[in-house]
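Participant: next comes the sequence, and after it the predicted model I'd like to discuss.
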Amino acid sequence: MDKAKLIQLLKARFGFDKFRAGQIETLQAVLAGQDTLAILPTGGGKSLLYQFPAYLLPGTILIISPLISLMQDQADRITRQGDFRAVVLNSAVNNQDQAAILATLSRYRFIFTSPETLGRGPVLGALRQLSISLFVIDEAHCVSEWGPNFRPEYLLLKEAIQALQPRSALLLTATATNRVTNDILKKVGLEEGQVTIIRQSVNRANLFLAVQELENPMAKQTYLQAKLPKLGGPGVIYFSSRKQADAMAEWLRAVTDLRVAAYHAGLEAVERFRIQNQFMQNELDVICATSAFGMGIDKNDLRYVIHYHMPASLAAYAQEIGRAGRDGQPALALLLYAPGDETIPELLTQVELPSQIQMQEVLTGKKSPAILGEKGPVINFYLHHGYQPSELPALFNHQADRARKRISQMLTYVKTQTCRRKLLLAAFDEGEHDQTPCCDFHQPDWQPSDFGLGKRKQSVEKPAQLNWQEQLNRLFNSHN
């Protein structure tokens, strides 16, 4: 289909006058039946890329998504549009409801699920009875970053694609270096030369990049207390743990007049929904969050993203700072660093494997996987997917080496005495830039007011708008 007809359909069904960068090329590839990897910036409209084809292709669209909240949000949006039915299959769906959904699966045009749920026999068996027009992997970088040592079920997506034989596969992510791109394609069983790759620059010209080195965590707190009121809002501060996000939110509420809440996967679903809704309505100034916050959060006016702790990779950092300034207006990406911060992600690379005897006993069914320790589920996965106990030390050592290299690259960004943007773009094999202002290397005495920051966005009264309790009731009732 030519561009003019695609734009006409875009206006008629989605209300937009034009496509964002990379969207039309991705859609043309998908509609032509080509396996496609689209690397588009955060806020680049990736969900449209699997919703749009439903108006032009027959069959079911299957979306593999990493977060329960993200799946539910996208399914609800599709349902509210009214043209198609969407359903979610994940661990939050009890066995009775899952059986009912599987029995009527052909009624749904969009099916959202997780790698873990997809790997279950009954789910994959039911899906094999359908004609899958599009197999979508949302947040596809998880295949490379999570699959090996966090959620190994991502490594089973290759088998799922082979079993379901979709018309085409669509992989979506905001960041992927050339190495990660190749790794993703290899792990899902797609040949690089046979995949259409649509890549937009990772560069966000409106983001000012800065690092503040401080003596210790207490100095970080003091710095935040002084700096946050000058930044205005809304903004997000990322932490490495739920406990620290909770503690800092409580402290900031006590020492500033900012409206602050913590957000992480440890909160009840209703509480997460409430906090997210308040933030979207500008009833909160700051969210203290773990990496669980951000995927699928469609808020265009974030004025800053602060990292209280150093991320484990430049790819993760680029992904998270890309959530600021999606409206194109100036925004700040600030990383706070204290000596030794790199030890936090380094600790996560260390895996103490159980003995060869213990692993063999689990493999042969003599002992429960519970004896395998903290990493038991991951180790058990490999033991039951073709790996012998003697092979696991080398496998985990290789993964740890790769993780340490990513941490080292992130630390280089923190410590660099040159242009931060140039270093960040080089990591993604991109060239020069001409942004002004750019980063604290060029502008070491930067102030929030230099970028128009400092105004707090107040919530606006909207009489016709439902409060969060009413929205939640409506959301639940719509599924009864």
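Facilitator: Yep, it's here.
Participant: residue 122 - that's part of a helix, no?
Facilitator: Yes. In this structure, residue 122 lies within a helix as judged by DSSP: H, G, I helix; E, B strand; the rest coil.
Participant: need the contact list for it.
Facilitator: 98-99, 102 (CB atoms under 8 Å, 6 or more residues apart in numbering). Every C-beta, even on glycine, is put in place using the N, C-alpha and C of the backbone.
Participant: could I get those as a markdown table with distance to residue 17, neighbour count and pLDDT?
Facilitator: Output for the contacts of residue 122, formatted as a markdown table (distance: CB to CB, whole Å; neighbours: other CB atoms under 10 Å; pLDDT from 0 to 100):
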| residue | distance to residue 17 | neighbour count | pLDDT |
| --- | --- | --- | --- |
| 98 | 41 | 18 | 91 |
| 99 | 44 | 12 | 92 |
| 102 | 40 | 16 | 95 |
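Participant: closest one of those residues to residue 426?
Facilitator: Closest to residue 426 out of the contacts of residue 122 is residue 98 (46.6 Å), distances taken as CB to CB.
Participant: doesn't the closest one lie inside a helix?
Facilitator: Yes. Membership of residue 98 in a helix is supported by three-state DSSP.
Participant: what about the closest residue to it other than its chain neighbours, how many residues nearby?
Facilitator: Among residues not flanking residue 98 along the chain, residue 89 sits closest, at 6.4 Å (CB to CB, 6 or more residues apart in numbering). Look at residue 89: counted by other CB atoms under 10 Å, it has 24 neighbours.
Participant: what does the one 3 residues further on give?
Facilitator: Per other CB under 10 Å, the neighbour tally for residue 92 reads 14.
Participant: quick one: contacts for the nearest residue to it once chain neighbours are set aside?
Facilitator: Excluding the flanking residues, the one nearest residue 92 by CB to CB, 6+ apart is residue 68, at 5.3 Å. Residue 68 makes contacts with 88, 90-92, 114, 269, as judged by CB under 8 Å, 6+ apart.
Participant: on that earlier part again, now, which of the contacts of residue 122 sits nearest residue 236?
Facilitator: Closest to residue 236, out of all of the contacts of residue 122 and judged by CB to CB, is residue 98, at 33.9 Å.
Participant: quick one: residues contacting residue 354.
Facilitator: Contacts of residue 354 by CB under 8 Å, 6+ apart are 371-373, 379.
Participant: quick check, nearest of the contacts of residue 122 to residue 3?
Facilitator: Of those, the one sitting nearest to residue 3 (CB to CB) turns out to be residue 102, at 39.3 Å.
Participant: how about exporting whichever strand or helix holds the closest one as CSV, limited to the C-alpha atoms?
Facilitator: Under the criterion of DSSP states H and E, residue 102 resides in helix 95-103. Extracted in CSV, the C-alpha atoms of helix 95-103 (Å, rounded to 0.1, in the frame of the first residue of the first chain):
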residue,chain,number,x,y,z
ASN,A,95,-6.5,-21.2,35.8
GLN,A,96,-10.3,-21.1,35.4
ASP,A,97,-10.3,-17.8,33.5
GLN,A,98,-7.4,-18.9,31.4
ALA,A,99,-9.2,-22.0,30.4
ALA,A,100,-12.3,-20.0,29.4
ILE,A,101,-10.1,-17.6,27.4
LEU,A,102,-8.3,-20.4,25.6
ALA,A,103,-11.6,-22.0,24.7
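Participant: what sits against residue 137?
Facilitator: 64, 143, 157, 169-172, 188.
Participant: quick check: neighbours of whichever helix or strand comes after the helix holding residue 102 in the sheet, parallel or antiparallel?
Facilitator: Under the assignment DSSP H and E, the closest C-terminal helix or strand after helix 95-103 is strand 110-113. Applying DSSP bridges, strand 110-113 is found paired with strand 60-64 (parallel), strand 86-89 (parallel).
Participant: and residue 172, what are its phi and psi?
Facilitator: phi -120, psi 130 (degrees, to the nearest 10).
Participant: give me the beta-bridge partners of it?
Facilitator: Residues in beta-bridge contact with residue 172 (DSSP bridges): residue 38.
Participant: how distant is stretch 66-74 from the center of its chain?
Facilitator: 11 Å (CA atoms, centre = their mean, to the nearest Å).
Participant: dump that stretch to PDB, keeping only the CA atoms.
Facilitator: Only the C-alpha atoms of stretch 66-74 are listed here, as PDB (Å, rounded to 0.1, in the frame of the first residue of the first chain):
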ATOM      1  CA  PRO A  66       7.400  -8.000  29.500                       C
ATOM      2  CA  LEU A  67       5.100  -6.400  32.100                       C
ATOM      3  CA  ILE A  68       1.600  -7.300  33.200                       C
ATOM      4  CA  SER A  69       0.700  -3.600  33.700                       C
ATOM      5  CA  LEU A  70       1.900  -2.800  30.200                       C
ATOM      6  CA  MET A  71      -0.100  -5.600  28.600                       C
ATOM      7  CA  GLN A  72      -3.300  -4.600  30.400                       C
ATOM      8  CA  ASP A  73      -2.900  -1.000  29.500                       C
ATOM      9  CA  GLN A  74      -2.400  -1.700  25.800                       C
END
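Participant: good, we can wrap up now.
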